[in-house]
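Trainee: Everything below, folded, please.
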Amino acid sequence: MCWPGSLSRPTTRKARPLAEVISIPVDLVHVPEDYLRPVDHVAAQALAKLLAEEGQKTPVAVYRSMARRDGKHYTLIYGARRLEAAKLLRWTEIDAILHNQSDARILAIRDNLALSTLNALEEAEYLIAYREWWEDQNGQIQRGRLKKGQNDPLTRDFNFLEKSGFFNHLEEKFRISKKTAQRRLAIGRLIEPLRNALRGTSHAADRQALGKLARMPSPQQQGIVVALNVDPDLAAILRMDDPATGRKGSGRMETGDWREQQFIEAWEAMPRDRRAAALEKIGAVAKPLDPWPTHWPAPEPLPSPGNASPLWHMMRDPYRTLHTLPTYSDILAARQERAEEEQEQERHEKLETWEKINATERETRPDYERTVAKGKAVKKRKSKPGRKPDSPHVKREKAFKKLFIPELVTNLLQHEELGITHWAVKYCRELDAKEQFWVACHLANDHRIEDIPWRVERNREEEALSLQSEIDFEAASKPVGSI
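Mentor: The predicted model follows:
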């Protein structure tokens, strides 16, 4: 496609970026087969109109590939739409920035992640590619085991990404929040056939529909791919059940589907005589003018033209129910029969449920026993917690209480430097209760610790003198010659 005035490039250009920009031949640029974002030809045509009017403002990015056999010396990193638009305009050259081949993939990913024109599917695919590059640079993220109550591997994967700092990096680099990144990573996990089926359609921009698909297991996603090949209406496919994969329909039903479902539920809840009366009321049964003779064979019901409803297979003989009313005993017998059928069905359902529970228990029993054994082994290895050891202050107080009278203990504790090995404490251990009381009084009067031996000896001397004085007094007071 060629635009008017597009054979020669416009000369109006913006100021070039700081990186060196070179002009390279358009026909020497190779677009790699694994290019992340396929070229949208409609968007390329719109861009070609803009380039014809304003010129190329943003260069493409390439790296040298001189060894290619097709003679194309450059390989495109990003800017496929600009290159396609230049081809539509029949430009011979295009502005490009030359990079190293080792930086090609991350440059392509970063350039597209920064674009606001990506749809939801493309955002998810580029974020998955960026995560793969992140793991190449920072090491593979170890998944580990599931936590208790954590059954979703995707949630476990997000937890390890958060621990590795990946979400913080996205927030700082691209202003992508943690919740947005989690939604995009979940969409990026869609199976490749489903992503290929959605690419290029309006569903690729529907984040709500993509989120529903991301929550489905792989077999159900494969079923969606098969259904899209038949009917491209994804909303209609999601509303329908898929018995092959066990998927239940979701979303608002169409009016016709909802009315059909309501009719079937009402018909199944209706007694047989009421069903026949309803068919007669809507004119679906041709009732004879006179009662049908009993000795004639019962005629088959004649459906109206185009009526292929399965209800006609249920109503083989409507005339009997129209003209014959059941007796009370028939009603009781029918109720009894229905109750027995319900009991039998309930019993079968219980047996199936018990069998499923037993099968699940048999499968998980070895893991449970290993977990219990491991827990018991850990408990055995753990030392039993004892009483918390006393602090040095408490130990000192207990030792003083065992050795000294309470008065002395109180005064000794007021002196932090008096430990159990202090010379003054060792000296006091040799004293009796009275002498310890002397030391307590000495310390209570704020005398020096070094004077304790002197004070004890002084009190001993005073006590000895006092005792000698009493003896002399008693001796002097006795009469002469008395014994």
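
Trainee: quick one: the helices in the stretch 51-200 of the chain?
Mentor: Listed in chain order, the helices of the stretch 51-200 of the chain (DSSP state H, counting those that start in this stretch) span 80-88, 104-113, 120-138, 153-163, 166-174, 178-188, 192-198.

Trainee: Deepest-packed of those, please.
Mentor: Among the helices of the stretch 51-200 of the chain, helix 80-88 has the highest mean neighbour count (mean count of other C-beta atoms under 10 Å), at a mean of 21. Placement of C-beta: from N, CA and C, glycine included.

Trainee: buried residues in stretch 25-39?
Mentor: For stretch 25-39, burial by neighbour count (16 or more other C-beta atoms under 10 Å) applies to 26, 28, 29, 30, 36, 37.

Trainee: same check, this time on stretch 455-468
Mentor: Those would be 455, 456, 459, for stretch 455-468 by 16+ other C-beta under 10 Å.

Trainee: pLDDT averaged over it, what's the number?
Mentor: Per-residue pLDDT over stretch 455-468 has a mean of 88.

Trainee: Outside of that stretch itself, list whatever touches it.
Mentor: 431, 435, 438, 439, 442, 447 (C-beta atoms under 8 Å, 6 or more residues apart in numbering).

Trainee: pretty sure the first one contacts residue 440?
Mentor: No. Residue 431 sits out of contact with residue 440 when judged by C-beta atoms under 8 Å, with a separation of 10.5 Å.

Trainee: ok, the two, which is more surrounded?
Mentor: When neighbours are counted by other C-beta atoms under 10 Å, residue 431 and residue 440 differ, and residue 440 comes out ahead with 20 against 17.

Trainee: So what's the predicted local confidence for the more buried one?
Mentor: 88.

Trainee: cool, residue 103 as well?
Mentor: 71.

Trainee: Tell me who's in contact with it.
Mentor: residue 63.

Trainee: Figure out the length between the terminal residues of stretch 190-203.
Mentor: In stretch 190-203, first residue to last residue: 13 Å (C-alpha to C-alpha, to the nearest Å).

Trainee: from the chain's centre, how far out does that stretch sit?
Mentor: The chain centre lies 24 Å from the centre of stretch 190-203; the measure is C-alpha atoms, centre = their mean, to the nearest Å.

Trainee: Quick check on residue 22: phi, psi?
Mentor: phi -120, psi 160 (degrees, to the nearest 10).

Trainee: Would you state the strands of the protein in chain order?
Mentor: Applying DSSP state E to the chain gives strands spanning 21-25, 29-30, 60-64, 74-78, 93-99.

Trainee: okay if I get these as TSV plus distance to residue 270?
Mentor: Compiled in TSV, these are given as follows (distance: least, C-beta to C-beta, whole Å):
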stretch	distance to residue 270
strand 21-25	78
strand 29-30	70
strand 60-64	70
strand 74-78	65
strand 93-99	73
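
Trainee: Pick the most buried one from those strands.
Mentor: Comparing the strands of the chain on average neighbours per residue, with mean count of other C-beta under 10 Å, the densest one is strand 74-78 at a mean of 22.

Trainee: Parallel or antiparallel, which strands does it pair with?
Mentor: Using DSSP bridges, strand 74-78 pairs in its sheet with strand 29-30 (parallel), strand 60-64 (antiparallel).

Trainee: pLDDT-wise, which helix or strand of this protein ranks last?
Mentor: helix 318-323 (a mean of 51; mean pLDDT, DSSP states H and E).

Trainee: what sits against the spatially closest residue to residue 23 that is not a sequence neighbour?
Mentor: Closest residue in space to residue 23, ignoring its immediate chain neighbours: residue 93 at 4.5 Å, by C-beta to C-beta, 6 or more residues apart in numbering. Each residue near residue 93 by C-beta under 8 Å, 6+ apart is listed here: 9, 23, 24, 25, 26.

Trainee: which among the residues you listed gets closest to residue 165?
Mentor: For the contacts of residue 93, the minimum distance to residue 165 (C-beta to C-beta) is 38.5 Å, reached by residue 24.

Trainee: Is that closest one in contact with residue 96, as I believe?
Mentor: Yes. Using C-beta under 8 Å, residue 24 is in contact with residue 96, at 5.1 Å.

Trainee: which residues do those two both contact?
Mentor: Residues touching both residue 24 and residue 96 (C-beta under 8 Å, 6+ apart): 62, 74.

Trainee: how many other residues sit next to residue 271?
Mentor: For residue 271, using other C-beta under 10 Å, the count is 11.

Trainee: cool, residue 207 as well?
Mentor: When neighbours are defined as other C-beta under 10 Å, residue 207 has 16 of them.

Trainee: Let's see the pLDDT reported for residue 250.
Mentor: 65.

Trainee: got any ranges where the stretch 151-300 of the chain has weak pLDDT?
Mentor: 151-164, 241-244, 246, 248-258, 285-292, 299-300 (pLDDT under 70).

Trainee: coming back round to it: how about the buried residues of stretch 25-39 in a markdown table, adding pLDDT?
Mentor: As requested, the buried residues of stretch 25-39 are exported to a markdown table (pLDDT from 0 to 100):
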| residue | pLDDT |
| --- | --- |
| 26 | 89 |
| 28 | 88 |
| 29 | 89 |
| 30 | 87 |
| 36 | 67 |
| 37 | 70 |
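
Trainee: TSV for these, including distance to residue 347?
Mentor: Formatted as TSV, the buried residues of stretch 25-39 follow (distance: C-beta to C-beta, whole Å):
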residue	distance to residue 347
26	77
28	78
29	73
30	70
36	58
37	59
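
Trainee: for those residues, which one is nearest residue 83?
Mentor: residue 29 (6.0 Å).

Trainee: Look up the closest residue to the closest one, ignoring the ones flanking it.
Mentor: residue 74 (4.9 Å).

Trainee: can you pull the contacts of that neighbour?
Mentor: 24, 28, 29, 30, 62, 63, 64, 65, 96.

Trainee: Let me know the closest of these to residue 172.
Mentor: Among those, and counting by C-beta to C-beta, the member closest to residue 172 is residue 63, at 27.1 Å.

Trainee: Tell me who's in contact with that closest one.
Mentor: Residue 63 touches 74, 75, 77, 98, 99, 100, 101, 103, 104, counting by C-beta under 8 Å, 6+ apart.
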